[in-house]
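Novice: what follows is a predicted structure for the sequence shown.
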Amino acid sequence: MSGRNRVGAATRPFDDWARHPAPMDPRVLVEACAAIDLPAGGLVADPFCGSNRVGSFVVGRGERFLGIEAHPLIAEQAAVKLTRPGDPADFRATADRLVRVATKLARDVVAAHEHALVRRWLTDAPLRKLVAIRSVLTADAGPWEAHLLVALLAVLRETVIGWPGGNPRACSTLRDPFTRYLVRVGKMADDLEQAPRSPVASVICADSRAPGAWADVPSGSVSACVSSPPYLNQLCYAESMRLELYFLRRASTWAELRLLGANLVASATQQVCRSRAEEARGTLDELPQAADRVAALATLLDVERRRRARRKRYDLLLPCYVADMAAVMRHLKRVLAPSACVAWIVGDSAWYGIHIDTPALVTTIAADLGFRVDDDRAIRRRGLHWPDAPRRHSLPLSEHLVLLRQGPPAAEQQLLFDASQYQPAARISFAA
């Protein structure tokens with residue numbers, strides 16, 4: 001990607017308020033918005049809004065925003081960015097008062113009452129301080145409660161080092177949680193001072209695959225859609241948030257985590273089963289080109305799976321993911337204005353040495369549904385963080401910017417299926 005297209009700072013106001021398992025790179029977001037030339041004052045939708053980087057960016061430009069997020073805790077944090085309970089100075093003052101009370105309370109906190117996973121990753125002293133903040137916050141925080149909770153979860157992650165793959169209980173000793181908390185609130189207040197007006201925007205906690213999520217969105221009312229759907233990266237977003245959920249006592253078991261993730265798009269094999277895959281394949285009958293691609297890939301994945309001891313059912317995950325994407329795009333088709341543009345950041349994958357060209361799958365679904373595919377271009381390489389990980393494939397991966405247009409496809413839009421492109425690119429050797 002050229003330097004001319006790589007505009008924007010590494011982070012922007014509101015970007016670091018809430019942690020998300022897979023946040024959108026601000027530079028990529030700027031490029032996506034530039035590619036579709038957002039209309040002034042238009043309504044921008046994001047059906048996978050996550051921690052709401054798209055929303056905070058577009059409302060800063062003057063557009064209206066509608067975000068949909070299925071995970072309850074992530075949706076709650078996303079919505080906080082759009083609310084302005086009062087003067088940011090009052091936000092700071094409330095945090096100061098909270099910490100003063102929590103400092104006295106921390107001595108009496110019994111850390112042993114916390115979830116075992118939380119105790120495993122936090123030593124006693126910082127854990128007692130974090131629990132004290134949580135206790136005071138839920139008892140008396142006033143209109144700033146949601147903002148103060150977001151700050152607390154940010155400090156929780158700052159205090160835990162290396163989660164989830166690092167060394168448990170390797171807590172930072174540079175600053176205690178009380179100091180970190182006040183610094184975090186100060187940064188959030190600075191962002192609020194730069195954007196004091198409440199934006200014309202909302203975040204709905206709902207499943208964007210379901211009609212109910214879009215029930216109040218009039219047909220043809222959305223000017224553009226900017227989003228980054230979940231990647232096929234074997235990451236279940238509900239489970240990746242378990243530290244926060246256990247700390248807040250909103251979940252205490254794997255079963256409760258799975259229940260929270262029941263409405264999430266399938267992105268990991270633990271989210272799918274044979275019956276769900278069969279149901280997904282049935283829905284793909286209306287998408288002939290996408291169904292052909294999925295069937296060819298699933299056959300290859302099943303063959304490769306049988307050759308291995310660790311047999312993840314990627315062949316079941318793929319049809320579920322494609323059916324989920326198709327469900328969301330059907331709803332988008334209804335709410336988008338004529339000629340409205342969709343800009344999605346999509347990453348590919350590789351399972352068992354077989355390249356899963358997710359951007360191509362997305363454009364195929366779009367063509368089957370009557371969208372015009374304007375572009376599908378690689379914007380950066382991905383998967384570079386674990387080059388020497390055991391059992392990792394050697395295929396290069398990338399993120400793509402996929403641009404779709406509402407309206408009838410051009411005559412040359414037909415995306416012909418070529419089964420030869422889905423042969424394994426190379427036989428991959430895995431560590432024993």
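Specialist: Cool, got the structure.
Novice: my read is that Ala290 contacts Leu284, right?
Specialist: Yes - using CB atoms under 8 Å, Ala290 makes contact with Leu284 at a distance of 6.0 Å. All C-beta spots, glycine's among them, are computed from the backbone N, C-alpha and C.
Novice: these two: which has the busier surroundings?
Specialist: Ala290 (27 against 21; other CB atoms under 10 Å).
Novice: residues contacting that one?
Specialist: Ala290 is in contact with 284, 322, 326, 361, 364-365, 368, counting by CB atoms under 8 Å, 6 or more residues apart in numbering.
Novice: contact partners of stretch 116-125?
Specialist: 111-112, 127, 130, 159-160, 163, 168-169, 171, 176, 242-243, 246-247.
Novice: over to Leu43: give its phi and psi.
Specialist: Dihedral angles of Leu43 (phi, psi; degrees, to the nearest 10) stand at phi -100, psi 120.
Novice: now for the residue lying closest to it once chain neighbours are set aside: which residues touch it?
Specialist: Distances taken as CB to CB, 6 or more residues apart in numbering put Arg64 closest to Leu43, at 4.5 Å, once the chain neighbours are dropped. By CB under 8 Å, 6+ apart, Arg64 lies in contact with 41-44, 199-201.
Novice: which among those residues end up buried?
Specialist: If you count burial by 16 or more other CB atoms under 10 Å, the buried members of the contacts of Arg64 come out as 42-44, 199, 201.
Novice: output those residues as a markdown table; include the columns distance to Ile36.
Specialist: Below are these laid out as a markdown table (distance: CB to CB, whole Å):
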| residue | distance to Ile36 |
| --- | --- |
| Gly42 | 10 |
| Leu43 | 13 |
| Val44 | 9 |
| Pro199 | 20 |
| Ala201 | 18 |
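Novice: so can I have JSON lines of those showing secondary structure, distance to Phe57 and pLDDT?
Specialist: Formatted as JSON lines, the buried ones among the contacts of Arg64 follow (DSSP: H, G, I helix; E, B strand; the rest coil; distance: CB to CB, whole Å; pLDDT from 0 to 100):
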{"residue": "Gly42", "secondary structure": "coil", "distance to Phe57": "14", "pLDDT": "93"}
{"residue": "Leu43", "secondary structure": "strand", "distance to Phe57": "15", "pLDDT": "96"}
{"residue": "Val44", "secondary structure": "strand", "distance to Phe57": "9", "pLDDT": "96"}
{"residue": "Pro199", "secondary structure": "coil", "distance to Phe57": "11", "pLDDT": "91"}
{"residue": "Ala201", "secondary structure": "strand", "distance to Phe57": "11", "pLDDT": "94"}
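Novice: returning to what we had before: can you check which residues contact both of Ala290 and Leu284?
Specialist: Jointly contacting Ala290 and Leu284 under the rule CB under 8 Å, 6+ apart are 322, 326.
Novice: got a quick PyMOL command for the buried subset of the contacts of Ala290?
Specialist: Per 16+ other CB under 10 Å, the buried members of the contacts of Ala290 correspond to this PyMOL selection:
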select buried, resi 284+322+326+361+364+365+368
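Novice: can you read off the pLDDT for the residue nearest to Leu43?
Specialist: Looking at Arg64, its pLDDT is 95.
Novice: then the one 5 residues further on?
Specialist: Predicted confidence (pLDDT) at Glu69: the value is 95.
Novice: what of the one 5 residues further on?
Specialist: Per-residue confidence (pLDDT) for Ile74: 92.
Novice: flag the helix or strand of this structure with the lowest per-element mean pLDDT.
Specialist: In the chain, no helix or strand scores lower on mean pLDDT, DSSP states H and E than helix 237-240, which sits at a mean of 82.
Novice: any idea how far the helix or strand that that one is followed by is from the middle of the chain?
Specialist: On the C-terminal side of helix 237-240, the closest following helix or strand by DSSP states H and E is helix 242-247. On the basis of CA atoms, centre = their mean, to the nearest Å, helix 242-247 sits 17 Å off its chain's mean C-alpha point.
Novice: and helix 242-247, what does it pack against?
Specialist: For helix 242-247, the packing partners by 3 or more CB pairs under 8 Å, 6 or more residues apart in numbering; DSSP states H and E come out as helix 116-121, helix 145-159, helix 254-260.
Novice: with just CA atoms, put it into CSV.
Specialist: What follows is helix 242-247, C-alpha atoms only, in CSV (Å, rounded to 0.1, in the frame of the first residue of the first chain):
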residue,chain,number,x,y,z
ARG,A,242,-13.6,-14.2,29.8
LEU,A,243,-11.2,-12.3,32.0
GLU,A,244,-13.5,-9.2,32.0
LEU,A,245,-16.7,-11.3,32.3
TYR,A,246,-15.4,-13.3,35.2
PHE,A,247,-14.1,-10.1,36.9
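Novice: mind listing what's buried in it?
Specialist: Residues of helix 242-247 classed as buried under the neighbour-count rule (16+ other CB under 10 Å) are 242-247.
Novice: and which of those is nearest to Cys225?
Specialist: Among those, Glu244 lies closest to Cys225 (CB to CB), at 28.1 Å.
Novice: show me what contacts the closest one?
Specialist: By CB under 8 Å, 6+ apart, the residues touching Glu244 are 19, 73, 153, 156-157.
Novice: could I get those residues as TSV with neighbour count and distance to Cys236?
Specialist: Below are those laid out as TSV (neighbours: other CB atoms under 10 Å; distance: CB to CB, whole Å):
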residue	neighbour count	distance to Cys236
Arg19	19	16
Leu73	20	14
Leu153	23	19
Leu156	26	20
Arg157	13	18
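Novice: could I get those residues as a markdown table with distance to Gly142?
Specialist: Formatted as a markdown table, the contacts of Glu244 follow (distance: CB to CB, whole Å):
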| residue | distance to Gly142 |
| --- | --- |
| Arg19 | 24 |
| Leu73 | 21 |
| Leu153 | 19 |
| Leu156 | 21 |
| Arg157 | 25 |
